[in-house]
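# Fold the following and give me the result.
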Amino acid sequence: MAVLPPTVRPLQPPKGSDIDFGAQIEGVDVENLTDEHFEIIRDALYRHKVVLFKNQHKLSPKAQYELTKRFDPVSDNYGHGKTIDAKRSILHPDLKTVPHQPQVQVIGNGFVQSYEGLENIQLRHPHHRTFHKDHIPDDKDYDFTRFYRWHIDAALYGLHPPQVTTLLAVAVPKGRRQTLLYDDGTGETLDVPLGTTAFVSGERMFDILSPEDQEFVLSSKMEYSPHPYIWMSSAHSRSTGLGLHSEGLELPNSDLPPIEETKIMVYPMAWKNPVTGKFALQIHPSAVRRIHCADGTTIDDLERVRDIVYKLQRPAISPQYVYPHDWEEGDLVLFNNRGLIHSVVGAFKPDEVRIFRQCNLAASEPPVGP
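Numbering: from 1, shown residues only. Have a look, this model is predicted:
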């Protein structure tokens with residue numbers, strides 16, 4: 001029987017949405033990936049931003065790592081790095097490391113007796129009540145949810161943002177959906193599968209801006225806080241998960257681990273797609289600190305910086321632009337970490353066990369701007 005060539009098929013967007021990204025690839029052996037097939041995957045990733053492979057139940061952590069590394073062969077650091085003072089980092093409780101493949105992390109929810117060399121681990125799905133300023137009442141928790149935190153996978157201090165993140169669904173609770181609330185006065189809601197990962201396109205985010213805002217984005221740079229995940233550890237998120245309230249709760253530099261000025265990251269606001277040449281508005285809204293403008297001035301009032309970023313990003317997280325992936329066990333999803341932002345979503349019951357494997361590697365080069 002002849003072996004059919006790989007196919008790349010755009011995902012069917014949910015009814016009523018205006019999603020213009022996402023594709024499924026069939027006919028590729030990810031465990032034994034050829035150079036030719038990788039080039040098909042790479043091209044699809046940068047054209048479609050999110051790429052789905054079904055039925056990858058037997059994919060090894062080693063193959064997942066090798067696939068991730070192919071996008072940037074020089075890279076090898078875990079995407080968020082080895083955080084100094086990790087116990088104060090807001091990322092610390094959410095990640096477990098596969099012992100025999102330390103670049104691959106295990107995330108999810110519930111007690112897991114044994115998985116890939118990890119024994120008796122307790123996974124914790126991030127819940128908005130631990131990060132948002134206000135939250136949905138407890139008695140409505142399993143019916144309603146929010147975006148937890150819109151973000152780019154990145155250390156944003158001393159390491160460049162990964163090119164790609166790979167996510168494998170190992171165990172997925174099924175049987176119920178939730179209504180996602182924006183709770184920002186707009187009345188907007190979104191019907192989502194339990195524990196979805198929500199994605200929005202940075203290119204769409206840029207394209208729907210006014211010409212004036214596009215010019216501002218193309219000519220400005222964003223400076224991020226040193227040790228951002230410790231710096232923001234006491235701050236509270238907006239109800240949309242898109243950036244933080246300005247309440248003076250960020251840690252002062254004197255309370256952070258030692259700061260090396262050369263590790264503070266300043267990136268363009270617009271990042272160029274290496275295949276299509278299109279620009280994506282790529283900002284991690286919770287970690288922002290200063291804006292460097294084209295005329296040489298700096299906006300360093302934190303509340304103003306956040307308000308500017310929110311105004312630029314908020315239109316693109318409207319319900320019609322959000323792709324909430326409906327996870328099934330065996331789904332392998334790759335996403336262009338330099339072309340979209342994403343958020344954890346959902347509230348699980350204690351006995352709902354969810355196991356995912358995640359891999360991303362800090363990039364060897366910074367993002368390319370205008």
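# Sticking with the closest residue to Gly243 other than its chain neighbours, tell me its helix or strand.
The shortest distance from Gly243 to any non-neighbouring residue, by CB to CB, 6 or more residues apart in numbering, is to Pro285 (3.5 Å). Glycine gets a C-beta too; all of them are placed from N, C-alpha and C. If you go by DSSP states H and E, Pro285 is not part of any helix or strand.
# again, but for Gly185
Here Gly185 is covered by no helix or strand, with elements defined by DSSP H and E.
# So the residue nearest to Gly243 versus Val200, what's the distance?
12 Å (CB to CB, to the nearest Å).
# Ok, Glu365 next?
Separation of Glu365 from Val200 (CB to CB): 25 Å.
# same thing with Ala316?
Distance from Ala316 to Val200, counting by CB to CB: 5 Å.
# quick revisit: neighbour count for Glu365 and Val200, which is higher?
More neighbours surround Val200 than the other of Glu365 and Val200, with 24 against 10 (other CB atoms under 10 Å).
# That one against Gln320, yeah?
No - in this structure, Val200 is not within contact of Gln320 by CB atoms under 8 Å, at 10.4 Å.
# between the two, what contacts are shared?
Residues touching both Val200 and Gln320 (CB atoms under 8 Å, 6 or more residues apart in numbering): none.
# okay, now the residue nearest to Gly243: neighbour count?
Neighbours of Pro285 using other CB under 10 Å come to 25.
# sorry, back to before: shared neighbours of Pro285 and Val200, anything?
Counting by CB under 8 Å, 6+ apart, the common neighbours of Pro285 and Val200 are Trp150.
# quick one: buried residues of the helix or strand hosting Arg47?
Using DSSP H and E, Arg47 sits within helix 35-48. Buried residues in helix 35-48, counting neighbours by 16 or more other CB atoms under 10 Å, are found at 37-38, 40-42, 44-48.
# Break down the stretch 251-370 of the chain into its strands, ranges please.
Ranges of strands in the stretch 251-370 of the chain, per DSSP state E, counting those that start in this stretch, are 266-268, 270-272, 279-281, 288-292, 298-299, 323-325, 332-336, 340-344, 354-360.
# again, but for the stretch 1-150 of the chain
7-10, 23-26, 50-53, 96-97, 104-115, 118-123, 144-145.
# who does Gly151 bridge with?
Not Gly; residue 151 is His. Following DSSP bridges, His151 is listed with bridge partners His342.
# a markdown table for the buried residues of helix 35-48, including distance to Leu209 and pLDDT?
Putting these into a markdown table (distance: CB to CB, whole Å; pLDDT from 0 to 100) gives the following:
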| residue | distance to Leu209 | pLDDT |
| --- | --- | --- |
| His37 | 36 | 97 |
| Phe38 | 34 | 97 |
| Ile40 | 32 | 97 |
| Ile41 | 30 | 98 |
| Arg42 | 28 | 98 |
| Ala44 | 26 | 98 |
| Leu45 | 24 | 98 |
| Tyr46 | 21 | 98 |
| Arg47 | 22 | 98 |
| His48 | 22 | 98 |
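# possible to save those residues as JSON lines with distance to Asp301?
Putting the buried residues of helix 35-48 into JSON lines (distance: CB to CB, whole Å) gives the following:
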{"residue": "His37", "distance to Asp301": "50"}
{"residue": "Phe38", "distance to Asp301": "46"}
{"residue": "Ile40", "distance to Asp301": "47"}
{"residue": "Ile41", "distance to Asp301": "43"}
{"residue": "Arg42", "distance to Asp301": "41"}
{"residue": "Ala44", "distance to Asp301": "42"}
{"residue": "Leu45", "distance to Asp301": "37"}
{"residue": "Tyr46", "distance to Asp301": "36"}
{"residue": "Arg47", "distance to Asp301": "39"}
{"residue": "His48", "distance to Asp301": "38"}
